[in-house]
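Chemist: below is the sequence, then the predicted model.
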Amino acid sequence: MALVLAGGGSERMSVLTSERAVSAVPFGGKYRVVDFVLSNCCHSQVRQLGILVQHAPTSLHDHIGAGRPWDLDHREGGVLVLQPYLTRSQAGWYRGTSDAIAQNWDLIRDRSPERLLVLSGDHVYRMDYRALLETHVRAGAAATLAVTRVAPDQTRRFGMAVLDEALKGRPVDLVLDIVQPMLAAGRRVWAHRFEGYWEDVGTVGSFYRANLDAIGAQPRLELYDPAWPLLTRDEERPPVRVHEGATIEDSLVANGCRVAGEVRRSVLAPRRGRARLARGPHADREGRAHPARRPDRALGGGRDRCGRDGFHRRRARARGGDGQPRLVRGRGVRRVPS
């Protein structure tokens, strides 16, 4: 059984999460961030899922539904969306990841799973969880954490693990609150090292980078893997329409978009905001891309329009060029640090 922690709103994502959780933010033109972990579960044969939600859950509810795209709509197992609630003994809101699990412990006990997999819904990666389970069982561990290397300037964003470099089959010492009591009690805590692509998209900068990692001649994040397809709820939309004189280069353009200008190193989706650019227009509410003055490194929202003077939302305009991601907002433009 897997529990997916998918309810975070992340203030570091600014207006991108004002009306939805991070895991429900659109990604790569046609997907949502949560599609990565749901697809991993599907391909890893994880058939019982609990999705823990809290911040603005409607968009996530609508996207997941009964779980059919990920083969979760069956009698034995399936998917449950778990929101916090009030009882005489329970205060309601989840007060963190550990509390979210604790508040749903009765459900876990009723399902009596042999193993419990705890996952984050706002991470972008492909992983076969069966390899993680194999490491856990082989080590005879009480808990096993999947770990990966991150750049030194990103360490402040995460709980860090200090590993014995002779790891292969050796226990690890983790500076994480959730496992410290286990270590203090002498319980066996192990690490499973993950070497593939991984990104936590909990900030504007990391979200922007991850989208652009999916484009290019040899993208770091490969979305076209027939052996491990990224599954999602498909929406019926017409094919992309490219108007006369329009050009598209090194970009992802989802169905439903209409392009009437120049698009370079961009990710376009209809009716919803997308990460994009170095030089390229955004799609408006109907998915139309218009000639523009090439705003650089900008993030637009679902009600933005890229016209001849740049991005518009009401009277807002955005033009980049200083190398920093920018967010288009209803009352103007604000640079958001990564």
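Modeler: On my side now, so go ahead.

Chemist: measure the closest residue to residue 245 other than its chain neighbours to residue 30 for me?
Modeler: Nearest residue to residue 245, sequence neighbours excluded (Cβ to Cβ, 6 or more residues apart in numbering): residue 260, at 7.8 Å. The way it works is simple: take the backbone N, C-alpha and C, and place the C-beta from them, glycine included. Per Cβ to Cβ, to the nearest Å, residue 260 is found 21 Å from residue 30.

Chemist: so which of the two has more stuff around it?
Modeler: Legend: neighbour count by other Cβ atoms under 10 Å for residue 260 and residue 30, higher for residue 30 (23 against 16).

Chemist: for the more buried one, give me its contacts.
Modeler: The neighbours of residue 30, taking Cβ atoms under 8 Å, 6 or more residues apart in numbering as the test, are 232, 234, 235, 254, 255, 269.

Chemist: same check, this time on residue 73
Modeler: 66, 67, 79.

Chemist: ok, and the most crowded of these?
Modeler: residue 79 leads the contacts of residue 73 on contacts (other Cβ under 10 Å) with 23 neighbours.

Chemist: against residue 31, how distant is it?
Modeler: 17 Å.

Chemist: before we move on, back to that, just the ones of the contacts of residue 73 in strands?
Modeler: residue 79 (DSSP state E).

Chemist: returning to what we had before: phi, psi of the residue nearest to residue 245?
Modeler: Dihedral angles of residue 260 (phi, psi; degrees, to the nearest 10) stand at phi -130, psi 20.

Chemist: which residue, other than its chain neighbours, is closest to residue 139?
Modeler: Counting by Cβ to Cβ, 6+ apart, residue 190 is the residue found nearest to residue 139 once chain neighbours are left out, at 4.3 Å.

Chemist: shaky segments in the stretch 151-300 of the chain?
Modeler: 152-178, 271-300 (pLDDT under 70).

Chemist: now the strands: where do they sit in it?
Modeler: 161-162, 173-174, 189-193, 198-200, 241-242, 247-249, 252-253, 258-259, 262-264, 267-268, 288-289, 298-299 (DSSP state E, counting those that start in this stretch).

Chemist: closest to residue 148 out of those?
Modeler: strand 198-200 (4.9 Å; Cβ to Cβ).

Chemist: which strands and helices lie in contact with that closest one?
Modeler: strand 123-125, helix 204-212 (3 or more Cβ pairs under 8 Å, 6 or more residues apart in numbering; DSSP states H and E).

Chemist: distance between it and the chain's centre?
Modeler: A distance of 8 Å separates the centroid of the chain from that of strand 198-200, by Cα atoms, centre = their mean, to the nearest Å.

Chemist: so what are the sheet partners of that strand and their directions?
Modeler: strand 123-125 (antiparallel) (DSSP bridges).

Chemist: you'd agree residue 60 is up against residue 52?
Modeler: No: Residue 60 lies out of contact with residue 52 (Cβ atoms under 8 Å); the separation is 10.4 Å.

Chemist: what's the overlap in contacts for those two?
Modeler: residue 6.

Chemist: what is the neighbour count of the closest residue to residue 60 other than its chain neighbours?
Modeler: Nearest non-adjacent residue to residue 60, counting by Cβ to Cβ, 6+ apart: residue 24, 4.3 Å away. Residue 24 has 27 neighbouring residues, counting by other Cβ under 10 Å.

Chemist: got a pLDDT number for residue 24?
Modeler: Per-residue pLDDT puts residue 24 at 88.

Chemist: who's in contact with it?
Modeler: Residue 24 sits next to 6, 32, 33, 34, 56, 59, 60, 63 when contact means Cβ under 8 Å, 6+ apart.

Chemist: what mean pLDDT does the helix or strand harbouring residue 41 get?
Modeler: Element membership for residue 41 (DSSP states H and E) is helix 35-43. For helix 35-43, mean pLDDT is 95.

Chemist: quick one: the residue nearest to residue 245 and residue 240, what's the gap?
Modeler: On the measure of Cβ to Cβ, residue 260 and residue 240 end up 12 Å apart.

Chemist: please enumerate the helices of the chain.
Modeler: 35-43, 58-64, 97-103, 105-111, 129-139, 180-184, 204-212 (DSSP state H).

Chemist: between the strands of the stretch 151-300 of the chain, which one is closest to residue 134.
Modeler: strand 189-193 (8.7 Å).

Chemist: what's that closest one packed up against?
Modeler: Secondary-structure packing of strand 189-193 (3+ Cβ pairs under 8 Å, 6+ apart): helix 129-139, strand 143-147.

Chemist: again, only this time at 10 Å
Modeler: Packing contacts for strand 189-193, counted by 3 or more Cβ pairs under 10 Å, 6 or more residues apart in numbering; DSSP states H and E, involve helix 129-139, strand 143-147, strand 161-162, strand 173-174, helix 180-184.

Chemist: just name the most buried of these.
Modeler: Mean neighbour count (mean count of other Cβ atoms under 10 Å) peaks for strand 143-147 among these, with a mean of 19.

Chemist: tell me how far that one is from the chain's mean position?
Modeler: Taking mean C-alpha positions (Cα atoms, centre = their mean), strand 143-147 and its chain are 20 Å apart.
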